[in-house]
Structure formats: structure tokens, C-alpha cells
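Engineer: Need coordinates for the following:
(one chain, ligands or ions: 2)
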Amino acid sequence: MEINILEEFLEVCDEKIFRCINCGVCSASCPISKFMELTPQRVIFYLINNKEEVLTKNTIWLCASCLNCQARCRKDIDFSRIADALRHIYLREMAKRKLLSELEIDKIKREVLVNSPQQLFIALQRKFVYY
Ligand code: SF4
Ligand code: SF4
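Structural biologist: Ligands and ions are numbered 1, 2, ... in the order given. Prediction:
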């Protein structure tokens, strides 16, 4: 996508990612991490290192905000807020590129429908913003 993902993230989320000690407790606590292309621990690592690929991994769509990881993180980091912010950034980037320009499902381009997770469209209806 060629964006400064760290800068974008810090604009919309104040979660304390720089406190992360990369211990992996969050990933070990997550009931669905085995299905994730990047574990929560790795997502934070990618973010801190400004790797925009974090937006293309399924982790941000699979996180169910159960807060299991947050309850066990000794640095009090709430990963669900991080995933939420990344979903928001993803949707915003899609809107900027006119790939998502309307809420009507029949107006969404086929390539987006085919390649995007269903949760995207649920999140879209909740959070869509016009630019
Ligand atoms: S449990 Fe907390 S400190 Fe450890 S890797 Fe996860 S977010 Fe970072
Ligand atoms: S909040 Fe998300 S990342 Fe954390 S344990 Fe639950 S599903 Fe996994």
C-alpha cells in the first residue's frame, strides 16, 4: 500500500506499543492465534518497525476483542485496540483509493468483494468515513 503505517497508527491510536517487550504472552494467550498469519506479538513488532505488510495479514480481522491477551500482558497493552485501529486504517486506505466509495454492496468493486474478509464489510458499516 506504500503508507507510513507507524505514523498512521499513532495518529489514530494511543495504545502503548513501545512498551512491548516482545515476550509473546499475548500470542500464547490468544485462542485463535494459530489461525493468524502474524501473532499479536508479531503485529506489534511489525508496527514498531514500520512494516506496512501488517495491514495485509489476517490477524487484524481475526482478533475478536476477547481481551485474553490484555488481561495477561504485563505491560498492560490492549491488542484489541491495536487491531481495531489497523482495521480503521485499512478501510480508510481503501476509501482513499476509491476501492470502497459507497456503502451499497452492489457498488463495491468485485476485486474487493472477492479478496476481502467479511468482517471488513461489517466494520465498514460501523466505521465508514468519507474523505
Ligand atoms: S504480552 Fe504484552 S509485552 Fe508481551 S509481546 Fe504481547 S503486547 Fe508485548
Ligand atoms: S483480544 Fe484478539 S489478539 Fe487478544 S486474545 Fe482476544 S482474539 Fe486474541
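
Engineer: CA only for contacts and neighbour counts going forward, please
Structural biologist: Will do.

Engineer: Around ligand 1, which positions in the chain sit nearby?
Structural biologist: 20, 21, 22, 23, 24, 25, 26, 41, 73, 74, 75, 77 (Cα under 6 Å from any ligand atom).

Engineer: What residues of stretch 10-20 count as buried?
Structural biologist: The neighbour-count check on stretch 10-20 (16 or more other Cα atoms under 10 Å) flags 15, 17, 20 as buried.

Engineer: Setting aside sequence neighbours, what's the nearest residue to the second one?
Structural biologist: Nearest-residue entry for residue 17: residue 44, 6.5 Å, with adjacent residues in sequence omitted and distances by Cα to Cα, 6 or more residues apart in numbering.

Engineer: Give me the neighbour count for that neighbour.
Structural biologist: As a burial measure, residue 44 scores 22 neighbours (other Cα atoms under 10 Å).

Engineer: Which pLDDT value does the model give it?
Structural biologist: The per-residue pLDDT reported for residue 44 equals 98.

Engineer: Kindly report the same for the one 4 residues further on.
Structural biologist: What the model reports for residue 48 is a pLDDT of 97.

Engineer: And the contacts of the one helix or strand residue 61 maps to?
Structural biologist: Counting by DSSP states H and E, the element that carries residue 61 is helix 59-62. The contact list for helix 59-62, computed with Cα atoms under 8 Å, 6 or more residues apart in numbering, reads 32-33, 36-40, 43, 83-84, 86-87, 117, 119-120.

Engineer: likewise stretch 73-87?
Structural biologist: Contact with stretch 73-87 is made by 9, 12-13, 15-17, 19-21, 25-26, 40, 55, 59-61, 63-67, 69-70, 120, 123, as judged by Cα under 8 Å, 6+ apart.
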